[in-house]
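>>> could you work out the structure for the sequence below:
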Amino acid sequence: MTRPMAASPLGGGARTLGGYRSGALTVHRSPAEIAPVTRALRAAGRKVALVPTMGALHEGHRELIRHARRAPGSVVPAVSIFVNPLQFGAGEDLDRYPRPLEADLEACREEGVELVFLPGVADMYPDGADTTVVPGALGDHLEGAVRPGHFGGVLTVVAKLFHIVAPDLAFFGEKDYQQLVLVQKMVRDLDFPLSVVGVPTVREPDGLAISSRNAYLSPDERRRAPALHRALAAGAGVSARGPQAVLDAAHAALAEEPALQVEYVELTDPQLGPDPQAGRARLLAAARLGRTRLIDNVAVQL
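The predicted structure is shown next:
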């Protein structure tokens, strides 16, 4: 008598590890649930493409998922949803950060996500877990200077997600450009066996970079918010005249919207090194508008 073949984690209609079914969305709430599934998939020749998020999924997140799905090979798109307390400073918006879980899961279904990792704080930071990742000097610059400790929290949770999910690819938006650079640097420095892919910023028709925190803007603030991107575009538009012209144009444009309380405007090289004089560069800015922080950046060719 011939024995039936064992069920495969690749699908074929069979439920296997952790309830995974190829082509359908499954939700895993602990490292012990998801780690065997992703490792079995990779052992079977599939690639796991992870989009780490804090939820409140918007068009920018959807674009990250679409890039993940278009990656070459036999790809399993995965999304993590975890509001990471380590990256919020005192007085920041941890408690009021939006958490529309059902809408997030529906967005994942619509975009063809197969795995969702949805841990709780105790799953990611059990009692006694106090080891963190130190981001180095770059983590204290730009956003790190305004939000001390922020990038230590970011890199710690990202490192844990990489270890737990074990993806082949991870996708991050260029809107949080310093985060992207630091994650790529961590992967190089600590020899993580995966590729980190940056995805261009998704914008509203008026240029405002899409962000979960845009929901905090009042109608009047929302009308004023695109001034930040207009300033960056003004700087990029005079890049042929040199670095100082770029910064002067950006500052002049920002001065036209006094409601924006500017925190920084800096021109760097693509790896956030100082004082680029020619070639590829990045223009970054942050400002407060009411109770909301806005950040944005654009590529510049000097």
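>>> residues near Asp191, how many?
Number of residues near Asp191 (other C-beta atoms under 10 Å) recorded here: 6. Glycine gets a C-beta too; all of them are placed from N, C-alpha and C.
>>> residues contacting it?
For Asp191, the contact set (C-beta atoms under 8 Å, 6 or more residues apart in numbering) is empty.
>>> now it, what's its secondary structure?
coil (DSSP: H, G, I helix; E, B strand; the rest coil).
>>> any idea how far it lies from Ala286?
32 Å (C-beta to C-beta, to the nearest Å).
>>> show me where the stretch 101-250 of the chain has its helices.
Using DSSP state H, counting those that start in this stretch, the helices of the stretch 101-250 of the chain run over residues 101-110, 121-124, 143-146, 150-165, 177-189, 219-224, 227-236, 243-255.
>>> got the angle for the longest one vs helix 177-189?
If I follow you right, that is helix 150-165. Following axes from the mean of the first three to the mean of the last three C-alpha atoms, to 10 degrees, one obtains 50 degrees for the angle between helix 150-165 and helix 177-189.
>>> what is helix 150-165 packed up against?
For helix 150-165, the packing partners by 3 or more C-beta pairs under 8 Å, 6 or more residues apart in numbering; DSSP states H and E come out as helix 31-43, strand 47-53, strand 75-81, strand 115-117, helix 143-146, helix 177-189.
>>> list the buried ones in it?
Neighbour-count burial for helix 150-165 flags 150-162, 164-165 (criterion: 16 or more other C-beta atoms under 10 Å).
>>> give me the beta-bridge partners of Phe117?
Note on Phe117: beta-bridge partners by DSSP bridges are His28, Ser80.
>>> which residues sit in contact with it?
Contacts of Phe117 (C-beta under 8 Å, 6+ apart): His28, Ile34, Ala78, Val79, Ser80, Ile81, Phe82, Leu161, Ile164, Val165.
>>> got a list of what the residue lying closest to Lys160 once chain neighbours are set aside touches?
Excluding its sequence neighbours, the residue lying closest to Lys160 (C-beta to C-beta, 6 or more residues apart in numbering) is Met124, at 6.1 Å. The neighbours of Met124, taking C-beta under 8 Å, 6+ apart as the test, are Phe82, Asn84, Val157, Lys160.
>>> can you get me a residue count around the first one?
Looking back up the chat, that one is Phe82. Neighbourhood size, Phe82 [other C-beta under 10 Å]: 19.
>>> now it, nearest residue through space, not along the chain?
Pro119 (5.6 Å).
>>> was I right to think the one you found contacts Glu33?
No - using C-beta atoms under 8 Å as the test, Pro119 is too far from Glu33 to be in contact (9.1 Å).
>>> okay, domains of the chain per the record?
26-199, 212-301 (the TED database).
>>> mean pLDDT for those - can I get that in a markdown table?
Output for the domains of the chain, formatted as a markdown table (pLDDT from 0 to 100):
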| stretch | mean pLDDT |
| --- | --- |
| domain 26-199 | 96 |
| domain 212-301 | 97 |
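>>> and the contacts of Phe117 as JSON lines, adding distance to Thr268?
Formatted as JSON lines, the contacts of Phe117 follow (distance: C-beta to C-beta, whole Å):
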{"residue": "His28", "distance to Thr268": "38"}
{"residue": "Ile34", "distance to Thr268": "36"}
{"residue": "Ala78", "distance to Thr268": "32"}
{"residue": "Val79", "distance to Thr268": "30"}
{"residue": "Ser80", "distance to Thr268": "29"}
{"residue": "Ile81", "distance to Thr268": "31"}
{"residue": "Phe82", "distance to Thr268": "29"}
{"residue": "Leu161", "distance to Thr268": "27"}
{"residue": "Ile164", "distance to Thr268": "32"}
{"residue": "Val165", "distance to Thr268": "31"}
